[in-house]
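Q: following is a predicted model, sequence given first.
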Amino acid sequence: MHEQEVARAAELLRSAERVVAFTGAGVSAESGVPTFRGAGGLWEGQAVEELASPRGFYADPVKVWRFYEERRRNLAGVRPNPAHHVLAGWQERFPQYAVVTQNVDGLHQAAGARGVLELHGSIWRVRCLGCGREREERTVPLSQVPPLCPECGAMVRPAVVWFGEFLPETVMAAAFAAIERCQVLVVVGTSAVVYPAAGFVEIAAAAGAKVIEVNPEASSMAHFADVALRGPAGQLLPLVDARLEVA
Ligand code: BJW
Ligand code: ZN
């Protein structure tokens, strides 16, 4: 059913040297990680602004901390799926390759991807609200209230990017450079509604890149797609990868 699209995607990739994989929550769906939007999404029936904004955190730090603590607990036993593995493997194939992700779950790295550009931070890091120090924090379970910084005693927060906050500058710069230069952009598992990340698809297309979208549903950027693979990434990316081997 997907044979033609798979063949076309492989054809675009086979001759490419500069490739970027741009991912969202859907790439982790088959690992058992809930996405944000839609049925069964993390935010179904929840006020997003209450959970993922600085205002929400200051209004009720314990509630927000527990939301992340629960996600960390759920993620602790989760393994990367074939989509993460294919995308990690491509760093060996393409001379210039980057994984640019909106995800905070660390699953691309768990699959072996190096230099992953995490636009929205990481759930496995915390940042002190007092001294600004950031550190890795992989203890699970950790605590039911925001821990205090061992250096200065202030409260720490998850080192993720909330609504209204700027994306980390060096990560943005590196991602932008890769996006602007790539020949093929593979957009996997994102609804592409959250900016500035969503804008990368248009930027790449405007700069002449071919766009491959891998998503069971059309994203808001689907009109930029040269090839649309409509199905689960964990099933379709291995098909594309296998097809790449065929000359
Ligand atoms: C599968 C699948 C399978 C399922 N295989 N696929 C311009 C215009 C309008 C608004 C703005 C704008 N610029 C900025 C804004 C404001 C705001 C914004 O974009 N709002 C829009 C929602 C309207 N942006 C911001 O505030 C950003 N900051 C910023 O712009 O700073 C500058 C500034 C400062 C002050 C004032 C103004 C500007 C920050 C955005 C931070 C987003 N943070 C979150 C939370 C991170 C922490 C956490 O994890 O809790 O990031 S929100 C959430 O959405 C998370 C995600 O990374 C992000 C994107 O979601 P994603 O990954 O696309 O997931 P879903 O669930 O939406 O989609 C899943 C997809 O998978 C679906 O399409 C499924 O079909 C698919 N799928 N199974 C393949 N098996
Ligand atoms: Zn501190």
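A: That came through, no problem. Ligands and ions are numbered 1, 2, ... in the order given.

Q: strands of this protein, start to end?
A: For the chain, the strands defined by DSSP state E occupy 18-23, 96-101, 117-118, 121-128, 134-136, 156-160, 184-188, 210-214, 227-229.

Q: between those strands, which gets nearest to His108?
A: Closest approach to His108 among these is made by strand 96-101 (5.2 Å; C-beta to C-beta). In this view, the C-beta of every residue, glycine as well, is placed from N, C-alpha and C.

Q: note down every partner strand of the closest one and its orientation.
A: strand 18-23 (parallel), strand 117-118 (parallel) (DSSP bridges).

Q: I'd like to know how many residues surround the closest residue to Leu75 other than its chain neighbours.
A: Spatial nearest neighbour of Leu75, excluding adjacent residues (C-beta to C-beta, 6 or more residues apart in numbering): Asp105 at 5.6 Å. Other residues near Asp105 come to 24 when the count uses other C-beta atoms under 10 Å.

Q: kindly report the same for Val160.
A: The tally of other residues near Val160 (other C-beta under 10 Å) stands at 18.

Q: was I right about it contacting His120?
A: Yes - counting by C-beta atoms under 8 Å, His120 is a contact partner of Val160 at 5.8 Å.

Q: overlap of the contact sets of those two?
A: Val104 (C-beta atoms under 8 Å, 6 or more residues apart in numbering).

Q: rewinding a little: among the strands of the chain, which is nearest Gly199?
A: strand 18-23 (10.9 Å).

Q: quick one: mean pLDDT over the closest one.
A: Averaged across strand 18-23, the pLDDT comes to 99.

Q: restricting to C-alpha, output it in PDB.
A: C-alpha atoms of strand 18-23 as PDB (Å, rounded to 0.1, in the frame of the first residue of the first chain):
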ATOM      1  CA  ARG A  18      22.800  16.600   3.800                       C
ATOM      2  CA  VAL A  19      19.800  15.200   5.700                       C
ATOM      3  CA  VAL A  20      17.900  16.400   8.700                       C
ATOM      4  CA  ALA A  21      15.400  14.300  10.700                       C
ATOM      5  CA  PHE A  22      13.000  16.600  12.500                       C
ATOM      6  CA  THR A  23      10.900  14.800  15.100                       C
END
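
Q: sorry, back to before: quick one: which of the strands paired with strand 96-101 is nearest Ala222?
A: Closest approach to Ala222 among those (C-beta to C-beta): strand 18-23, 13.5 Å.

Q: gap between the closest one and the chain center?
A: 11 Å (C-alpha atoms, centre = their mean, to the nearest Å).

Q: now do that strand and strand 210-214, the angle between them.
A: Strand 18-23 and strand 210-214 are oriented at 30 degrees to each other (axes from the mean of the first three to the mean of the last three C-alpha atoms, to 10 degrees).

Q: cheers, nothing more for now.
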